[in-house]
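Student: Need coordinates for the below:
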Amino acid sequence: MPDELPRIPKKRRPRNKPRSDAWLQQNLNAYRPSFTFRCALPVIASTAAVCWGMGITLIYNNSKAIEHEIDYTDCSNGGDLWQTKVEDSKKICTHEFHLEQEYKGDVTFYYGLDGFYQNIRKYHQSRNDHQLRSHDLRATEDCYPYEHSKVNGRELPIVPCGAVANSMFNDTFTLYRVIDGNHVKVDWTALDIVDPRFREKKYKNPKTCRGNITTCPGFENTAKPEDWTRHIAEIGDVETGRALENADFIIWMETSALPNFRKVYRKLRVLPANENKDGLNVGRYVLEIVDTERASNGFVRLQTSNNK
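Tutor: Prediction:
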């Protein structure tokens, strides 16, 4: 006897069918504007006017800025305007120049490098953010080959680890004004050159170091980067910030997208009783540079944000 066939109902009920409302059927009412010449022209004209206004404002403000750039790539062979000496195995270059006009307003001092590729992926990823926040100073993942270093026969984690920190720019600059043959030091400041949010979220010292004025404990059993001359706990002061919260360190760790870049070094300190309360005056100046002999081209730049 043949197997009985299953009974098929004459009318099948639909299964998993959504309700017939506009939301589930994706049939909501929508505004579909139809652009015509009469309505499109005012929109384009108003957008162009706003862009023109912004562009003119930016160009005008930029034209008021004054810059003075000094290239010290090969300061040993710079001619009569450069003098070079060696002290404690450090090359010190001094350059005399003359400012032809006053630098009024906010004066910022930058250093720059040409041909330094901070945008290489393996380079700018060679860091450990957990370590930079002091969540775990022993965390050295993604820092190869600058992860550990042997100190007195012990293998210790490098703080800060990675290629970015290891290649930190450490040239130092001092500016003097020549008055009656005497060199008067120009007062610079490191205050407000770093956004406070960097220290709040990305770069933090251990709790034992925070608020400490003279020393920065908390970095015991750690090693300095290979190309550094000092340990991270010895970096910085009260004004620039200590250790991982040091302003120069933070600025360097924020890598540049282009191989030719400049970064903030200092700002002119403006005080009511200061000789430079209105900016840098016209006159002779001497720039002293402690050069570390990097492979890329270096330059420094004085710039005003406006000329009042």
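Student: Let me see the ranges of the strands in the stretch 151-300 of the chain.
Tutor: Using DSSP state E, counting those that start in this stretch, the strands found in the stretch 151-300 of the chain span residues 154-157, 172-179, 182-185, 188-189, 236-237, 241-242, 261-268, 279-280, 283-291, 297-304.
Student: Nearest to Asn61, out of those strands?
Tutor: Nearest to Asn61, of all the strands of the stretch 151-300 of the chain, is strand 297-304, at 11.0 Å by CB to CB. C-beta: built from backbone N, CA, C; applies to glycine.
Student: how many neighbours does Val194 have?
Tutor: Look at Val194: counted by other CB atoms under 10 Å, it has 21 neighbours.
Student: show me the contacts for the residue lying closest to it once chain neighbours are set aside.
Tutor: Spatially, and ignoring its direct neighbours in sequence, Val194 is nearest to Ala247 (4.6 Å; CB to CB, 6 or more residues apart in numbering). Residues near Ala247 by CB atoms under 8 Å, 6 or more residues apart in numbering: 190, 193-194, 236, 240-241.
Student: neighbours of the residue lying closest to Thr208 once chain neighbours are set aside, just the number please.
Tutor: Nearest residue to Thr208, sequence neighbours excluded (CB to CB, 6+ apart): Gly218, at 4.1 Å. As a burial measure, Gly218 scores 19 neighbours (other CB under 10 Å).
Student: so Gly218 sits right up against Lys204, yeah?
Tutor: No. Judged on CB atoms under 8 Å, Gly218 makes no contact with Lys204 at a distance of 10.6 Å.
Student: Sketch out the low-pLDDT regions of the stretch 201-308 of the chain for me.
Tutor: 211-215, 272-277, 293-299, 301, 305-308 (pLDDT under 70).
Student: Next: the stretch 1-150 of the chain.
Tutor: For the stretch 1-150 of the chain, the ranges with pLDDT under 70 are 1-3, 5, 8-13, 76-81.
Student: mind listing the helices for it?
Tutor: 37-64, 121-124, 129-132 (DSSP state H, counting those that start in this stretch).
Student: Ok, which of those helices comes nearest Gly105?
Tutor: Of the helices of the stretch 1-150 of the chain, the one closest to Gly105 (CB to CB) turns out to be helix 37-64, at 8.5 Å.
Student: how distant is that closest one from the center of its chain?
Tutor: How far helix 37-64 lies from its chain's middle: 31 Å, per CA atoms, centre = their mean, to the nearest Å.
Student: what's the answer for stretch 187-205, then?
Tutor: Relative to the centre of its chain, stretch 187-205 is centred 11 Å away, using CA atoms, centre = their mean.
Student: Next, format the contacts of Ala247 as a markdown table and append distance to His124.
Tutor: Formatted as a markdown table, the contacts of Ala247 follow (distance: CB to CB, whole Å):
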| residue | distance to His124 |
| --- | --- |
| Ala190 | 24 |
| Ile193 | 21 |
| Val194 | 19 |
| Gly236 | 23 |
| Thr240 | 23 |
| Gly241 | 22 |
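Student: Of all pairs in those, which one spans the longest distance?
Tutor: Ile193 and Gly236 (12.8 Å).
Student: returning to what we had before: mutual contacts of Gly218 and Lys204, please.
Tutor: Joint contacts of Gly218 and Lys204 (CB under 8 Å, 6+ apart) are Ser134.
Student: mind checking how far Cys39 is from Ser46?
Tutor: 12 Å (CB to CB, to the nearest Å).
Student: swap in Asp237?
Tutor: 52 Å.
Student: now swap in Cys93 and tell me
Tutor: Taking CB to CB, one finds Cys93 at 54 Å from Ser46.
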